[in-house]
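S.K.: structure for this input, please:
(one chain, ligands or ions: 2)
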Amino acid sequence: MATHEVDVVVVGLGPGGEYAAQKLAEAGLDVVGIDRDLVGGECPFYGCIPSKMMIRAADALGEARRVDELAGSAEVSPDWSAVATRIDKQATNHWQDDSHVERLEEAGVRIVRGDGVLDGPGTVRVGEDRYVGARGVVLNVGTSPATLPIDGLAETPYWTNREIVKVTELPASLAVIGGGPIGCELAQAFARFGSAVTVLEVADRLLPPEEPESGELLGRVFRDEGIRVETGITIERVEHDGGFTITTDRGEIEADQLLVAAGRRLNLHGLGLDTVGLDPEARSVPTDERMRAGERLWAVGDITGHGQFTHVSMYQGDIAVRDILGQDGHGAEYHAVSRVTFTDPEVGSVGMSEQQARDAGIDVRVGHADLAASSRGWIHQLGADGLIKLVADADRGVLVGASSVGPSGGEVLGMLALAVHAEVPLDRIASMHFAYPTFHRAVDVAVASIVAP
Ligand SMILES: Cc1cc2nc3c(=O)[nH]c(=O)nc-3n(C[C@H](O)[C@H](O)[C@H](O)COP(=O)(O)OP(=O)(O)OC[C@H]3O[C@@H](n4cnc5c(N)ncnc54)[C@H](O)[C@@H]3O)c2cc1C
Ligand SMILES: NC(=O)c1ccc[n+]([C@@H]2O[C@H](COP(=O)([O-])OP(=O)(O)OC[C@H]3O[C@@H](n4cnc5c(N)ncnc54)[C@H](O)[C@@H]3O)[C@@H](O)[C@H]2O)c1
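M.R.: Ligands and ions are numbered 1, 2, ... in the order given. Below is the predicted model of the structure:
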């Protein structure tokens with residue numbers, strides 16, 4: 001077994017690990033980056049980027065279909081091959097990671113392909129090689145699609161996000177198990193291209209962790225668009241015989257293809273966490289505000305349990321880099337994590353939901369605004385469904401959470417994320433100017449419903 005002495009070993013090169021490896025190497029450290037699959041991780045090859053390319057195209061179709069009522073007439077002939085080609089060529093370079101590898105190598109990172117396994121503090125084994133980091137190890141091993149214990153499912157050729165991003169021909173019909181962000185985003189994209197889509201969600205609404213108003217609104221929009229939405233459903237069995245038959249407590253559902261988008265499994269199994277004093281069965285890797293997870297060990301990304309988002313992974317990667325380099329700066333805070341599901345309307349939220357705030361014992365005040373009833377919503381008309389919901393801590397006079405659903409809901413969320421993050425007093429928000437007639441002007445209405453109900 002060969003031993004390689006370096007400064008830092010990064011295991012898993014998802015967004016946070018890739019960022020950390022590059023910055024540490026640019027700072028002059030000797031860095032080895034280990035990945036068993038594509039350097040860059042889930043986001044660029046199987047996640048955010050290909051799915052958002054699908055959504056960009058599907059949104060163009062959705063808008064074009066509004067022309068007849070708003071601006072004359074438009075004939076829409078969807079062609080999935082334009083999306084498939086863009087994902088293949090522009091987003092993923094045929095699922096090759098050369099550009100990611102080149103960027104890291106130019107910074108001085110040595111890339112090792114293989115399965116990294118922890119072997120005591122500061123040490124990682126890859127096959128017959130041991131890499132010892134004098135400063136330590138950064139873990140960024142991410143997630144894989146969760147498997148569901150549904151009778152028959154494992155024997156069928158169902159799709160996860162890994163397969164659906166490579167689809168070159170649109171299925172006539174698609175069933176989607178899971179009405180979370182992946183299920184909702186892809187369901188609407190495929191429906192807008194012409195697939196007959198059914199979403200099967202065990203909870204009583206879409207996007208269950210979001211505010212009930214948000215998930216219910218999205219369910220209404222989906223149904224209006226012709227997507228079949230079955231919430232509160234139990235799937236009993238899945239069979240495949242050319243097509244899929246999904247047996248549920250409401251009868252059988254047939255579909256040409258099946259997407260399972262029912263959450264993620266952390267890639268912690270077999271990682272050797274016990275060799276560094278961590279519980280291999282834990283549901284996340286606990287970290288402090290400097291992303292330290294143990295002796296000479298840092299962890300970033302989905303495995304830390306603070307939201308499975310690229311921006312969280314990179315935020316944490318930056319903090320780990322500063323800690324390793326002995327630099328000052330802010331530590332990790334999670335009271336204002338923002339997230340956006342890129343459906344139409346976009347569903348954005350930040351901080352706590354109303355229920356989470358009540359559960360935390362906060363004296364909650366809630367503010368609402370109906371986007372469709374705002375000046376801009378009325379002008380926009382088609383596709384203006386949306387809302388603003390604010391969750392305020394009455395004692396402190398600040399927002400602890402907010403939701404922004406609507407066209408550009410994720411962009412409107414920006415100002416709310418700032419307010420929650422910086423704990424801007426509500427009366428200061430109430431005293432500002434809100435440009436007319438923007439979508440974000442609905443925030444003024446929602447604030448007023450708390451400050452001067
Ligand atoms: C369809 C889809 C859409 C998404 N859309 C968005 C979005 O719009 N916005 C957003 O913020 N987030 C989105 N996400 C989530 C986002 O992709 C992840 O949060 C993001 O990739 C960060 O993950 P990570 O840094 O933990 O690592 P990952 O991206 O999961 O990468 C982990 C890496 O570690 C490697 N690895 C694992 N185990 C080992 C090992 N033992 N040895 C060596 N290498 C190993 C893997 O091969 C992989 O390359 C989406 C996810 C999916 C699936
Ligand atoms: N725009 C974004 O930022 C974005 C987009 C996609 C994914 N992501 C990230 O990836 C993560 C994973 O996404 P996801 O949608 O797979 O997971 P998720 O856990 O958020 O949602 C999965 C859904 O599947 C449902 N479900 C589970 N078992 C079921 C069953 N047997 N039958 C029917 N429904 C079932 C759950 O109730 C849940 O609503 C997200 O939590 C998010 O952090 C982010």
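S.K.: C-alpha from now on. contacts and neighbour counts both.
M.R.: Will do.
S.K.: number of nearby residues for Leu371?
M.R.: Leu371 has 26 neighbouring residues, counting by other C-alpha atoms under 10 Å.
S.K.: who touches Val321 in this structure?
M.R.: With contact set as C-alpha atoms under 8 Å, 6 or more residues apart in numbering, Val321 has these partners: Ala20, Lys23, Leu24.
S.K.: next, format these as a markdown table and append neighbour count.
M.R.: Shown next, in a markdown table, are the contacts of Val321 (neighbours: other C-alpha atoms under 10 Å):
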| residue | neighbour count |
| --- | --- |
| Ala20 | 29 |
| Lys23 | 22 |
| Leu24 | 23 |
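S.K.: possible to save these as a markdown table with distance to ligand 1, pLDDT and secondary structure?
M.R.: Output for the contacts of Val321, formatted as a markdown table (distance: C-alpha to the nearest ligand atom, whole Å; pLDDT from 0 to 100; DSSP: H, G, I helix; E, B strand; the rest coil):
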| residue | distance to ligand 1 | pLDDT | secondary structure |
| --- | --- | --- | --- |
| Ala20 | 11 | 98 | helix |
| Lys23 | 15 | 98 | helix |
| Leu24 | 16 | 98 | helix |
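S.K.: so which residues on this protein come close to ligand 2?
M.R.: Residues of the chain lying close to ligand 2 by C-alpha under 6 Å from any ligand atom are 177-183, 200-203, 207-208, 235, 261-264, 307-309, 339-342.
S.K.: narrow these to those that are buried.
M.R.: 177-183, 200-203, 207-208, 235, 261-263, 307-309, 339-342 (16 or more other C-alpha atoms under 10 Å).
S.K.: out of these, which sit inside helices?
M.R.: Of the positions in these, Pro181, Ile182, Gly183 sit in helices, assigned by DSSP state H.
S.K.: how about the last one, nearest residue that isn't a chain neighbour?
M.R.: In space, Gly183 comes closest to Ala261 once its chain neighbours are excluded; the distance is 5.4 Å by C-alpha to C-alpha, 6 or more residues apart in numbering.
S.K.: do Glu5 as well
M.R.: Ranked by C-alpha to C-alpha, 6+ apart and with sequence neighbours excluded, the top spatial neighbour of Glu5 is Val132, at 5.0 Å.
S.K.: point out where the stretch 301-450 of the chain drops to low pLDDT.
M.R.: Along the stretch 301-450 of the chain, no part satisfies pLDDT under 70.
S.K.: about what we covered before: distance to Gln90 added to the contacts of Val321, as TSV?
M.R.: TSV is the format used below for these (distance: C-alpha to C-alpha, whole Å):
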residue	distance to Gln90
Ala20	25
Lys23	25
Leu24	28
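S.K.: would you turn the ones in helices among the buried ones among the residues of the chain next to ligand 2 into a markdown table with pLDDT?
M.R.: Rendered in a markdown table, the data for those read as follows (pLDDT from 0 to 100):
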| residue | pLDDT |
| --- | --- |
| Pro181 | 98 |
| Ile182 | 98 |
| Gly183 | 98 |
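S.K.: how about the residues of the stretch 1-150 of the chain by ligand 1?
M.R.: 11-16, 34-43, 47-48, 51, 114-117, 140-143.
S.K.: show me the residues you listed that map onto strands.
M.R.: Members of these lying in strands (criterion: DSSP state E): Val11, Ile34, Asp35, Val117, Thr143.
S.K.: of all these, which comes closest to ligand 1?
M.R.: Within the set of these, Asp35 lies nearest ligand 1; the separation is 3.5 Å, counting by C-alpha to the nearest ligand atom.
S.K.: isn't the closest one right next to Val9, touching?
M.R.: No - contact status for Asp35 versus Val9: not in contact, 11.0 Å apart, counting by C-alpha atoms under 8 Å.
S.K.: neighbour count winner among those two?
M.R.: Val9 (30 against 24).
S.K.: am I right that the more buried one falls within a helix?
M.R.: No - Val9: not assigned to a helix; according to DSSP: H, G, I helix; E, B strand; the rest coil it is strand.
S.K.: per-residue pLDDT, it?
M.R.: Listed pLDDT for Val9 reads 98.
S.K.: go on, Gly136?
M.R.: Among the per-residue scores, Gly136 shows a pLDDT of 98.
S.K.: need phi/psi at it.
M.R.: The phi and psi values for Gly136, taken as degrees, to the nearest 10, are phi 140, psi -160.
S.K.: ok, now Thr123?
M.R.: Per-residue torsions, Thr123: phi -130, psi 140 (degrees, to the nearest 10).
S.K.: quick test: name the residue nearest the centre of the chain.
M.R.: Averaging the C-alpha coordinates of the chain gives a centre point, and the residue nearest to it by C-alpha atoms, centre = their mean is Phe309 (4.4 Å).
S.K.: for Leu273, see how far away that residue is.
M.R.: When distances are taken as C-alpha to C-alpha, to the nearest Å, Phe309 and Leu273 turn out to be 23 Å apart.
S.K.: closest to Gln355 out of the contacts of Val321?
M.R.: Lowest distance from Gln355 to the contacts of Val321 (C-alpha to C-alpha) belongs to Ala20, with 35.5 Å.
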